[in-house]
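Enquirer: Any chance you could fold what I've pasted below:
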Amino acid sequence: MTRALSSVICGAEEKIEKTSVWDPRSEYRFVAARPDEEPELWSEYLAGALESYTKHGVLEALQYEQLRDGRSTTLFFVAVGPDGSVSGGMRAQGPHARVEQVHAISEWAGRPGESELRAMVADRLPFGVVEMKTAWVADGAAHRKELTRSLADVIVWGLELLDVQFVLGTAADHVLKLWSSSGGEVSSRIPSTPYPDERYRTRVMWWDRRKLPVGPDAHRLARPGTAAHAGRDDLVELGRSV
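Expert: Prediction:
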């Protein structure tokens, strides 16, 4: 199921090769694709997201009608089992050109932390900012615990494929530890927000390619020898903390 992918990123056409990775921990193959190039796979991803968000009572946060045509999604990532079924995934928006394009801004709109979040995004835009969103894992998935852990590593793979320095994500308290396992840092400068509703306390998280964990088990979905593993001279250390 290895696939080749053509993508238009920041106005430049690039060829992204080898866009599937076998994950020995979860025993799934993770595939990256564009919605318009893999419409059937995109439909399977959407169906799983719709089922998951509906079950957890957060369907409004999915924004399904705005999402379904795929135009807001640069890449999506799915976990494909031995039988070919999709058991989980997430998607990327960006790289963003303006602060107003960042969905997370709307989650803090009119609430404490909005201005600070806008400033943090503005600082990072010149170096590449992508949002990772709409993550889900099927309840009946085999090796579900391992799959969930590996889904966090997809974020680092996204950094590599989209060649950006920063990923922005928002997450409720109960999954912060999971997302932190792949190198994400919770912003101490931005207070939590009740998104999508009062049941949740959602936080801002950043992944910075300069600060990713290293070692034999770190971000295992990134291909050895690529920029996600190696140091990058063109990445910057920002003065502002998260």
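Enquirer: which residues of the protein fall in strands?
Expert: For the chain, the strands defined by DSSP state E occupy 5-9, 12-16, 20-23, 28-33, 75-80, 86-93, 129-137, 166-172, 185-186, 202-208.
Enquirer: The longest one to strand 86-93, inter-axis angle?
Expert: To tie it back to what came earlier, the one meant is strand 129-137. Here strand 129-137 runs at an angle of 160 degrees relative to strand 86-93 (axes from the mean of the first three to the mean of the last three CA atoms, to 10 degrees).
Enquirer: any idea of the angle strand 129-137 forms with strand 202-208?
Expert: Strand 129-137 runs at 120 degrees relative to strand 202-208, counting by the same axes, to 10 degrees.
Enquirer: switch to numbering from 34
Expert: Sure thing, new numbering starts at 34, so read that last one as strand 162-170.
Enquirer: Give me the mean pLDDT for strand 162-170.
Expert: For strand 162-170, the mean pLDDT works out to 96.
Enquirer: before we move on, the earlier item: make a markdown table out of the strands of the chain and add mean neighbour count.
Expert: Backbone N, C-alpha and C define where each C-beta goes, glycine included. Converted to a markdown table, those look like this (neighbours: other CB atoms under 10 Å):
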| stretch | mean neighbour count |
| --- | --- |
| strand 38-42 | 15 |
| strand 45-49 | 11 |
| strand 53-56 | 17 |
| strand 61-66 | 23 |
| strand 108-113 | 24 |
| strand 119-126 | 24 |
| strand 162-170 | 23 |
| strand 199-205 | 23 |
| strand 218-219 | 16 |
| strand 235-241 | 23 |
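Enquirer: ok, for Thr107, nearest residue in space, not its chain neighbours?
Expert: Ala125 (4.9 Å; CB to CB, 6 or more residues apart in numbering).
Enquirer: Wait, that neighbour touches Gly103, no?
Expert: No. Look at Ala125 against Gly103 with CB atoms under 8 Å: they stay out of range, at 11.8 Å.
Enquirer: and the strands of the chain, which one is worst for confidence?
Expert: Note on the strands of the chain: strand 45-49 shows the lowest mean pLDDT, a mean of 32.
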